[in-house]
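Novice: Build me a model from this:
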Amino acid sequence: MMLFFILLMASHAKAQLTLTGQIRTRTEFWDGAGTVRLKVNSPSIFTSQRSRLTFNYKMEHLIFQASLQDVRVWGQDASTLSSNDGGKLQLHEAWAEIALANKKDTSFKHSAVDYFAVKIGRQELLYDDSRLLGNLDWAQSARRHDAVVFKLLNKGWQADLGIAFNQNTNAINYNGTFYTPANVIPYVKDSRGNLTPTPASFIPLCNAAGLSSKTGSPAFQAMPSTNGLNQNYKALEYLYVAKTFNKTKLTGLVLADHFGKYINDSVKNIAGADTGYIYGKRFNQKGVNSRVTTGILLTSMLDKKQALVLTAGFYYQAGKDRDAQKLSAYTTTISITYTKNKFAYTAGYDYVSGNDAFSSSTTNHRFDPLYGTPHKFWGLMDYFYVGTGSPTGGLSDAYAKIKYGSKSKRFTAQVDYHYFSLANNQKNTTGEAIKKYLGSEVDLVTSYALNKVTTLEYGCSVMAASKSMEYAKNITPNTAKLTGLWSYLMISIKPAFLFK
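Specialist: Numbers count the residues shown, from 1 in each chain. A predicted model of the protein is given here:
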């Protein structure tokens, strides 16, 4: 059926059709990646794979794209699957962009603007340097959104207006549009250790042993996370505007995301002679907690040869966070890159605000970097603003990078250095202030193109953490190995099966 569809579409004389694939296999060695490793634990090694097939079709007034992918760890499934294992494929993208005006297309008799279109469906939201909105391509599963985006280009200006609204059901025999965030674990242990399905409209609080507890534990609850970890938004709207002036590009973003309200609740679970309880958040409340993020990013060529590039940005968050706490937070970034011959040298500084442990303020000052690609900015070992949690006190990151690219562009090598510190004061177990310095990370990445469709990449990173890192990651003091090591070997094969 797919072959017939492809041949049918290709029959249009003015149509453009592409069919591409990707096999990306990555073997990783973890000995303190994401967080410092507990001394009682051992290093680990595993291989993950992304298998993706992307179909793109362009014709007058329309662009259509669909992307199927399968993501798994080698050995995660048995070599022979039973019917109870369920489907493993997922739809990464499925969208259509309908052009409503286009001055470059003669089929439009009149076009008031250079280009205007609406893009509908499951799609990646990728803007600027992916700091706040990115596709998180490093993760094998990547990131996408179900959204509608209105796109406008006119006289050098770009303006995108995006809207998304999430729901768990088609509302048949359902009262209202209450939304339980995605990524909820299907099973949980009650307070007596009995395994049971997670109650509907419920996100359980679990301790380190997986037992449902009233307060949770540092491993699950006290460690602040980004939105993508366990609480997806109910609705999202954003306006992105960009304009280039000579050699300077200025962009602005206003984004509002809204989170379903919840109450703390418990569910009784009877398992034989045992009676346990499941504690958690129940998302069956009316209304949302709304947050607004706004800011600008500037990228400027400082010389005629475009060898010196300045990047600077500032973003502010206000409203209420997902837990209904008043929010006032910000982040700022500045960097300068100098390119000469085959080398590029970068020096920069990022600041992400956090909460001061000695402050009595009830306002949350912890900035959340939304739906970006933190792996690109705050160290390749992913200690900050990913699923492994982030410091309550925020982050200060001074960094330097050197990149080399061969003349043939087949080989590249890059070395990064990060000096991580807390942005705000934090306490130790006795209530005294800890040192702000968290640790230093060195990242090395090399890449070689074996041919036009195959790239081999190797990376190695070392984290030299201080004792303050244990407090920042909510780990019992003196129980972790402070020197971390992570390395990987990745091969990416991206053939083009069809192009017209």
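Novice: hey, let's count contacts and neighbours off CA atoms from now on
Specialist: Noted.
Novice: Contact partners for the closest residue to Lys326 other than its chain neighbours?
Specialist: Using C-alpha to C-alpha, 6 or more residues apart in numbering and skipping residues adjacent in sequence, the residue nearest Lys326 is Lys320, 4.6 Å away. With contact set as C-alpha atoms under 8 Å, 6 or more residues apart in numbering, Lys320 has these partners: Asn289, Ser290, Arg291, Lys326, Leu327.
Novice: from the residues you listed, which is closest to Glu470?
Specialist: Nearest to Glu470, judged by C-alpha to C-alpha, of these is Leu327 at 26.1 Å.
Novice: Which elements pack onto the helix or strand where the closest one lies?
Specialist: Using DSSP states H and E, Leu327 falls within strand 326-340. Packing contacts for strand 326-340, counted by 3 or more C-alpha pairs under 8 Å, 6 or more residues apart in numbering; DSSP states H and E, involve strand 308-320, strand 343-352.
Novice: relative to strand 343-352, how tilted is that strand?
Specialist: Strand 326-340 runs at 170 degrees relative to strand 343-352, counting by axes from the mean of the first three to the mean of the last three C-alpha atoms, to 10 degrees.
Novice: Show me how far strand 326-340 is from its chain's centre.
Specialist: 18 Å (C-alpha atoms, centre = their mean, to the nearest Å).
Novice: Need the residues that contact that strand.
Specialist: 291, 307-321, 344-354, 362-367.
Novice: which among those end up buried?
Specialist: 291, 308-321, 344-354, 364-367 (16 or more other C-alpha atoms under 10 Å).
Novice: how close does the residue lying farthest from the centre of the chain sit to Leu195?
Specialist: No residue in the chain sits farther from the centre than Ala273, which is 44.0 Å out by C-alpha atoms, centre = their mean. Remark: distance between Ala273 and Leu195 (C-alpha to C-alpha, to the nearest Å) = 14 Å.
Novice: what pairs with the helix or strand containing Gln22, and is each one parallel or antiparallel?
Specialist: Using DSSP H and E, Gln22 sits within strand 16-31. Sheet pairing here is set by DSSP bridges, and for strand 16-31 it gives strand 44-59 (antiparallel), strand 483-493 (antiparallel), strand 496-499 (antiparallel).
Novice: from memory Gln123 sits against Ala96, does it?
Specialist: No: Gln123 lies out of contact with Ala96 (C-alpha atoms under 8 Å); the separation is 9.3 Å.
Novice: okay, now Tyr262: neighbour count?
Specialist: Counted with other C-alpha atoms under 10 Å, the neighbours of Tyr262 add up to 25.
Novice: Got the confidence number for it?
Specialist: On the pLDDT scale, Tyr262 is placed at 89.
Novice: Could you find the closest non-adjacent residue to it?
Specialist: Closest residue to Tyr262 apart from its sequence neighbours, by C-alpha to C-alpha, 6+ apart: Phe283 at 4.4 Å.
Novice: cool, and His365?
Specialist: Ala329 (4.4 Å).
Novice: Is the one you found bridged to anything, and to what?
Specialist: So, taking DSSP bridges as the rule, Ala329 has Gln317 as bridge partners.
Novice: Use 542 as the first number from now on
Specialist: With 542 as the first residue, the last one maps to Ala870.
Novice: what about it, neighbour count?
Specialist: Here the count is done by other C-alpha under 10 Å, and Ala870 has 21 residues near it.
Novice: ok so, going back, quick one: residues contacting the residue nearest to Tyr803.
Specialist: Per C-alpha under 8 Å, 6+ apart, neighbours of Phe824: Phe719, Tyr720, Thr721, Ser742, Phe743, Gly801, Lys802, Tyr803, Ile804.
Novice: Same check on Ser732?
Specialist: Leu752, Ser753, Ser754, Gly817, Tyr818, Ile819.
Novice: what secondary structure does it sit in?
Specialist: The assignment at Ser732 comes out as coil when based on DSSP: H, G, I helix; E, B strand; the rest coil.
Novice: What of Met1010?
Specialist: helix.
Novice: Identify the residue spatially nearest to it, adjacent ones excluded.
Specialist: Leu979 is the one closest to Met1010 (C-alpha to C-alpha, 6+ apart), at 5.1 Å.
Novice: That neighbour: neighbour count?
Specialist: 24.
Novice: just checking, what packs against the strand or helix carrying it?
Specialist: Here Leu979 is covered by strand 978-990, with elements defined by DSSP H and E. With contacts taken as 3+ C-alpha pairs under 8 Å, 6+ apart, strand 978-990 sits against strand 952-962, strand 995-1006, helix 1009-1013.
Novice: can you give me the offset of it from its chain's centre?
Specialist: Put simply, strand 978-990 sits 19 Å off its chain's centre (C-alpha atoms, centre = their mean).
Novice: Alpha carbons of it, as PDB, please.
Specialist: Taking Å, rounded to 0.1, in the frame of the first residue of the first chain, the C-alpha atoms of strand 978-990 are listed here in PDB:
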ATOM      1  CA  TYR A 978      31.400  25.200  43.300                       C
ATOM      2  CA  LEU A 979      29.900  21.900  42.000                       C
ATOM      3  CA  GLY A 980      32.600  20.500  39.700                       C
ATOM      4  CA  SER A 981      34.300  20.700  36.300                       C
ATOM      5  CA  GLU A 982      33.500  18.700  33.200                       C
ATOM      6  CA  VAL A 983      35.600  18.000  30.200                       C
ATOM      7  CA  ASP A 984      33.900  16.700  27.000                       C
ATOM      8  CA  LEU A 985      35.600  15.200  23.900                       C
ATOM      9  CA  VAL A 986      33.700  14.400  20.700                       C
ATOM     10  CA  THR A 987      35.100  13.200  17.400                       C
ATOM     11  CA  SER A 988      33.200  12.500  14.200                       C
ATOM     12  CA  TYR A 989      34.100  10.900  10.900                       C
ATOM     13  CA  ALA A 990      32.000  10.500   7.800                       C
END
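Novice: So what are the sheet partners of it and their directions?
Specialist: For strand 978-990, pairing defined by DSSP bridges yields strand 952-962 (antiparallel), strand 995-1006 (antiparallel).
Novice: In TSV, list those along with mean pLDDT and mean neighbour count.
Specialist: Converted to TSV, these look like this (pLDDT from 0 to 100; neighbours: other C-alpha atoms under 10 Å):
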stretch	mean pLDDT	mean neighbour count
strand 952-962	98	20
strand 995-1006	97	19
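Novice: Compare the ones you listed and report which one is nearest to Pro915.
Specialist: That would be strand 952-962 among the strands paired with strand 978-990, by C-alpha to C-alpha, at 13.6 Å.
Novice: All the helices of the protein, in order from the start?
Specialist: 543-551, 768-771, 1009-1013 (DSSP state H).
Novice: and the gap between Leu752 and Asn810?
Specialist: 13 Å.
Novice: Same question for Asn992.
Specialist: Taking C-alpha to C-alpha as the criterion, Asn992 is separated from Asn810 by 58 Å.
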